[in-house]
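K.L.:
I would like to see how this sequence folds:
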Amino acid sequence: MGSCLAHWSAAGHRGGRWSSWKADKSGTIVGGFDSELLELAEDERLAFRWGFIGPEGREGPSFDTLLTVTLRPDPNGTVLNLVHEQLDELAAAMPHIANAVESGWEAFLYNLARVLASTNGRGSPADEV
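P.N.:
Have a look, this model is predicted:
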């Protein structure tokens with residue numbers, strides 16, 4: 001099993017950056033993400049430059065895509081809509097990664113829904129609220 005290293009700087013501010021690097025069992029970096037917050041409309045929208053990076057790290061090419069998350073009030077809580085687009089260059093260079101984007105976000109959103117359900121959306125376990 002590999003490991004993942006993540007770093008966020010200037011969190012919550014336009015221009016803030018987020019990086020995540022995946023390593024194999026030996027600790028060798030095999031790729032990752034280098035992202036930048038492009039837009040922040042509080043309680044409404046986040047837009048990121050989401051750069052996919054191969055094993056060369058920042059010295060190699062970055063395949064920049066656009067990730068947009070919108071939030072909309074709903075009688076039952078909040079509706080989150082996630083759109084990841086501009087994947088053409090990534091698909092040409094790393095098709096195996098591009099093909100996994102949708103299933104990766106589906107797994108992330110499934111896990112997010114589980115956490116929110118278990119905390120009743122309040123950051124603490126539902127049985128403690």
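K.L.:
Please count neighbours and contacts with C-alpha atoms only from this point.
P.N.:
OK.
K.L.:
which residue sits closest to Gly32 in space, ignoring its chain neighbours?
P.N.:
Excluding the flanking residues, the one nearest Gly32 by C-alpha to C-alpha, 6 or more residues apart in numbering is Trp21, at 4.2 Å.
K.L.:
thought that neighbour was touching Gly31?
P.N.:
Yes. Using C-alpha atoms under 8 Å, Trp21 makes contact with Gly31 at a distance of 5.9 Å.
K.L.:
so what's in contact with those two at the same time?
P.N.:
Overlap of the contact sets of Trp21 and Gly31 (by C-alpha atoms under 8 Å, 6 or more residues apart in numbering) is empty.
K.L.:
and the longest helix anywhere in the chain, C-alpha only, in PDB?
P.N.:
Ordering each helix of the chain by length in residues (DSSP state H) puts helix 101-119 first. Extracted in PDB, the C-alpha atoms of helix 101-119 (Å, rounded to 0.1, in the frame of the first residue of the first chain):
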ATOM      1  CA  VAL A 101     -11.600  10.800 -12.400                       C
ATOM      2  CA  GLU A 102     -15.400  10.100 -12.300                       C
ATOM      3  CA  SER A 103     -15.100   7.000 -10.100                       C
ATOM      4  CA  GLY A 104     -12.700   8.800  -7.800                       C
ATOM      5  CA  TRP A 105     -15.100  11.700  -7.200                       C
ATOM      6  CA  GLU A 106     -18.000   9.300  -6.800                       C
ATOM      7  CA  ALA A 107     -16.000   7.500  -4.000                       C
ATOM      8  CA  PHE A 108     -15.100  10.900  -2.400                       C
ATOM      9  CA  LEU A 109     -18.700  12.100  -2.400                       C
ATOM     10  CA  TYR A 110     -20.000   8.800  -1.100                       C
ATOM     11  CA  ASN A 111     -17.500   9.000   1.800                       C
ATOM     12  CA  LEU A 112     -18.400  12.600   2.400                       C
ATOM     13  CA  ALA A 113     -22.100  11.800   2.600                       C
ATOM     14  CA  ARG A 114     -21.300   9.000   5.100                       C
ATOM     15  CA  VAL A 115     -19.300  11.300   7.300                       C
ATOM     16  CA  LEU A 116     -22.000  14.000   7.200                       C
ATOM     17  CA  ALA A 117     -24.700  11.500   7.900                       C
ATOM     18  CA  SER A 118     -22.800  10.100  10.900                       C
ATOM     19  CA  THR A 119     -22.100  13.600  12.300                       C
END
